[in-house]
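Chemist: quick check, what structure comes out for this input:
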Amino acid sequence: MLFAFASLMLNITPGNDMMYVASRSVSQGTRAGIISSLGIMVGCLVHILAAVAGLSLLIAKSATAFSWLKWAGALYLVYLGIQSFRKSQTSLVLSAAVRADSNSKIFWQGVVTNVLNPKVALFFLAFLPQFVNNGAVHTQWIILLLGIWFNLSGTMVNILVSVLFGRMGNWLSKKSWFASLQQKITGALLIILGVKLALTSKK
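Modeler: Below is the predicted model:
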């Protein structure tokens, strides 16, 4: 019960993932937000498996590994933001084929932005073991199950955020002034997230 409550409280606290999902939902609709949420879920699963395998310790102990991963993630977010600004200069009318491709891109962008955030790796490494009893057998399996529970809880929260902000975006899209701003809003938020990640430290 304590773990479930702690997981819920942490997952409803606004953070990078929630901001990312919200920006996608407002600018590209509920579906884009849900797809981003699923991508983030896969990214978190990668970090959970890394924590179970002990790979996250490399990031925790190596300033170089942390720095490289952090800057790769920051630059990728800024790149996505710039791309979004460029899209705001093009036509807003897209073909079905392009939309289908975009769904795939949105999913993988969600995966990559999460995987390249070293703070996520450090979080799971520090958070999950606290709920494993000393002397427990099959510790790695327990950590894996706790991580999956936390991940599913976070995904449900992000999907709810997708629905709420997607509806907001649908309402705003009916406003003529918003059509030209939606991609710029996404671009600005992505760049802000990139800068925020670049300024983070291991502490």
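Chemist: where along this structure do the helices fall?
Modeler: In the chain, the helices defined using DSSP state H lie at 2-11, 16-28, 30-53, 56-61, 63-87, 96-115, 118-127, 139-173, 176-179, 182-198.
Chemist: pull the helix or strand with minimum mean pLDDT from the chain.
Modeler: The helix or strand of the chain with the poorest confidence is helix 176-179; it has a mean of 61 (mean pLDDT, DSSP states H and E).
Chemist: OK, contacts around V21?
Modeler: 33, 36-37, 40, 158, 161-162, 165 (CB atoms under 8 Å, 6 or more residues apart in numbering). All C-beta atoms are positioned from the backbone trio N, CA, C, and that covers glycine.
Chemist: quick one: low-confidence parts of this structure?
Modeler: Within the chain, the stretches with pLDDT under 70 are 56, 87-101, 135-137, 173-180, 182, 202-203.
Chemist: try 50
Modeler: 91-101 (pLDDT under 50).
Chemist: mind checking how far the residue nearest to N117 when sequence neighbours are not counted is from L189?
Modeler: Once flanking residues are discounted, N117 sits nearest to G73: 5.0 Å by CB to CB, 6 or more residues apart in numbering. From G73 across to L189, the span is 15 Å (CB to CB, to the nearest Å).
Chemist: go on, I148?
Modeler: 29 Å.
Chemist: these two: which is more packed in?
Modeler: L189 (21 against 14; other CB atoms under 10 Å).
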